[in-house]
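Colleague: sequence plus predicted model, see below.
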Amino acid sequence: MDLLQIALIFLMLLLAVFLTITGVQVFFILRDLQQALERLNRVLDTGEEIAEDIEKPLGAASGLITTLGAGAKAIKGIIKRSSKPNPKQKRFYKKVL
């Protein structure tokens, strides 16, 4: 065997070892990324559940306030109409005598 052939075989083996190590490291990085994304997904799901739990009572309170506001306007209108005395009808002509 020639010295050049031995050097090429050695370089090919060294390159194969480096590529293998790099592949294993990429595998570990992708596995860690997957675990981090799963944790992030769980956190986002929990946040969504909390937001839904907060939204229900706030929606009910909003509906109650809206109903009370409309009821208050109706009561105010009724009181305004009932407390207003009936004015005498004004004549559009003069009374002659």
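Modeller: Sure, I can see it.

Colleague: quick check, central residue of this structure?
Modeller: Glu48 (6.9 Å; CA atoms, centre = their mean).

Colleague: so how far is the helix or strand where it lies from its chain's centroid?
Modeller: Using DSSP states H and E, Glu48 falls within helix 3-83. Offset of helix 3-83 from its chain centre (CA atoms, centre = their mean, to the nearest Å): 10 Å.

Colleague: who are the packing partners of that helix?
Modeller: On a contact count with 3 or more CB pairs under 8 Å, 6 or more residues apart in numbering; DSSP states H and E, helix 3-83 meets no helix or strand. Where C-beta positions appear, they are placed from N, C-alpha and C, glycine not excepted.

Colleague: state the distance from Lys28 to Gln35.
Modeller: Actually, residue 28 is Phe. It isn't Lys. Going from Phe28 to Gln35 by CB to CB, to the nearest Å gives 11 Å.

Colleague: cool, and Ile29?
Modeller: Per CB to CB, Ile29 is found 11 Å from Gln35.
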